[in-house]
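**Q** The amino acid sequence is not available; the structure is as follows:
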């Protein structure tokens with residue numbers, strides 16, 4: 001598996017995965033913080049009662065939900081399509097790596113890339129908030145909690161899209177589902193929690209640590225049990241489908 005991971009990192013360099021991720025990370029941070037520089041918002045940045053950090057986290061959560069499904073589908077598709085476009089599956093099998101193990105290596109290596117990406121994205125949002133003039137005390141707990149859950153949900157969808165890209169050669173399907181997922185993820189913010197639970201992309205809303213409560217913004221506690229359950233189902237499903245991939249001749 002270690003050699004397979006090394007090869008996947010080499011493929012990432014060729015595919016320019018890191019620059020692609022970096023561009024979207026910066027874009028999300030900027031879009032999440034853009035409203036901070038408006039005149040009406042500037043007046044509330046120093047007022048702890050207006051919860052400026054909770055408001056920023058709410059916007060950040062929405063922007064991440066609108067962009068993460070697309071980013072995940074693109075990097076998973078590109079990393080897997082390289083096997084379809086050449087004789088990657090055959091060469092890997094010759095080297096002793098079945099399609100299932102190769103997909104697992106892709107998941108691990110792309111997840112490693114997402115670790116700094118998600119962390120830096122959150123730090124950029126906080127940094128821009130400070131630059132914009134927020135002087136209210138920052139509560140790190142909700143930000144850390146959201147960042148961790150965002151990473152795990154991203155990894156969950158990464159597993160789904162790697163499998164989808166492996167079994168369907170037309171990568172437009174995988175990316176198209178990612179774009180549809182971005183729409184659904186944003187739409188689930190308007191849905192009641194019991195409905196969002198049964199929409200996979202709804203978990204981008206389910207992991208929210210801040211949101212509207214009445215007429216104001218406040219920190220909220222996610223339903224951790226549902227989130228953990230979703231991630232466990234995805235992990236189990238990925239283990240099963242990658243095992244089945246080993247039986248497919250490439």
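**A** That came in fine, so what should we check first? A quick note: this is a predicted structure, and the numbers were derived from the prediction, not measured.
**Q** Can you spell out which helices and strands pack onto the helix or strand hosting residue 129?
**A** Using DSSP states H and E, residue 129 sits within helix 99-132. If you count contacts as 3 or more Cβ pairs under 8 Å, 6 or more residues apart in numbering; DSSP states H and E, helix 99-132 packs onto helix 2-15, helix 17-33, helix 52-85, helix 88-94, helix 140-167, helix 224-245. No exception for glycine: its C-beta is placed from N, CA and C like everyone else's.
**Q** just so I know, which of those lies nearest residue 129?
**A** helix 52-85 (5.1 Å; Cβ to Cβ).
**Q** List the buried residues of that closest one.
**A** 52-84 (16 or more other Cβ atoms under 10 Å).
**Q** Phi first, then psi, for residue 220.
**A** phi -130, psi 160 (degrees, to the nearest 10).
**Q** Near residue 27, how many other residues are there?
**A** 14 (other Cβ atoms under 10 Å).
**Q** Nearest residue to it in space, please, no chain neighbours.
**A** residue 67 (7.2 Å; Cβ to Cβ, 6 or more residues apart in numbering).
**Q** correct me, but that neighbour touches residue 28?
**A** Yes - if you go by Cβ atoms under 8 Å, residue 67 and residue 28 touch, sitting 5.3 Å apart.
**Q** Distance-wise, check the residue nearest in space to the middle of the chain relative to residue 237.
**A** The centre of the chain sits closest to residue 154, judged by Cα atoms, centre = their mean, with a distance of 3.1 Å. Residue 154 sits 16 Å away from residue 237, taking Cβ to Cβ, to the nearest Å as the criterion.
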